[in-house]
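*Asks:* attaching a predicted model along with its sequence, questions to come.
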Amino acid sequence: MESNTKLVLNFALGKRNQATTDVFIEGLRHATSGRFQITTDGFAPYRSAIPNTLGDRVDFAQLIKVYRATPEGERRYSPAEVVSTEVVPVMGDPDPKRIGTSHIERQNLTMRMQMRRLTRLTNGFSKKWENHWAALCLHFAHYNFVRIHRTLRVTPAMQAGITDRVWDIADLLTVR
């Protein structure tokens, strides 16, 4: 997600591994131009995917969170407590004031709350990959073009200059 416009530039669906990370970062390369800064969590595959694919035009840092071990009974549904964070500049010259993952963490929360397909133990949980992919595509298209962002007061696509109006659902469903 681009932090100023809140536009979701790319997403990937797959296992949390190097192959899916490579596909995601390659898609990000095609969705962007010019030099920009990127911050990721401590997921190891980013350390090779980003330099290999975006190394010519990115300032890259990782924000690594250290978690406290959870008491035995709370492990399943309670998130672990963050006890410290470590900023690791990986390449380029990342601006320390702009190193953070809060924008994307907020986006992930919005996605989880708006799409019950991501919540196990509910009747909306996706069982077929194709249905899950379609739901994600629809969610992000709606987020970028239809939903007015509270702080921007326009859609992310309008803020980014991709469109000059708020789309309605009919627009979203007729565009190919």
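*Replies:* The structure has been received and is ready for your questions. Numbering: from 1, shown residues only.

*Asks:* hey, where'd the helices end up in the protein?
*Replies:* Taking DSSP state H, the helices of the chain run over residues 18-31, 46-54, 102-114, 129-145, 156-159, 169-174.

*Asks:* the domain parsing of this protein - what is it?
*Replies:* If you go by automatic domain parsing, the domain ranges for the chain are 1-114, 118-176.

*Asks:* including mean pLDDT, could these go into TSV?
*Replies:* Shown next, in TSV, are those (pLDDT from 0 to 100):
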stretch	mean pLDDT
domain 1-114	91
domain 118-176	90
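
*Asks:* just put these in TSV and tack on mean neighbour count.
*Replies:* (C-beta placed from N, C-alpha, C; glycine too.) Formatted as TSV, the domains of the chain follow (neighbours: other C-beta atoms under 10 Å):
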stretch	mean neighbour count
domain 1-114	14
domain 118-176	13
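
*Asks:* now for the helices of the chain, which one comes closest to residue 86?
*Replies:* Residue 86 lies closest, by C-beta to C-beta, to one member of the helices of the chain: helix 46-54, at 14.0 Å.

*Asks:* angle of the closest one against helix 18-31?
*Replies:* For helix 46-54 against helix 18-31, the angle between stretch directions is 40 degrees (axes from the mean of the first three to the mean of the last three C-alpha atoms, to 10 degrees).

*Asks:* residues making contact with helix 46-54?
*Replies:* Helix 46-54 has contacts (C-beta atoms under 8 Å, 6 or more residues apart in numbering) with 18, 21-22, 24-26, 28-29, 38, 40, 58, 60, 62, 90-91.

*Asks:* go again using 6 Å as the cut-off
*Replies:* Under the criterion C-beta atoms under 6 Å, 6 or more residues apart in numbering, residues 21-22, 25-26, 29, 40, 60, 91 lie in contact with helix 46-54.

*Asks:* centre of the chain to that helix, how far?
*Replies:* From the chain centre to the centre of helix 46-54 is a distance of 16 Å (C-alpha atoms, centre = their mean, to the nearest Å).

*Asks:* in TSV: the helices of the chain, plus distance to residue 85.
*Replies:* Below are those laid out as TSV (distance: least, C-beta to C-beta, whole Å):
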stretch	distance to residue 85
helix 18-31	21
helix 46-54	16
helix 102-114	11
helix 129-145	27
helix 156-159	27
helix 169-174	38
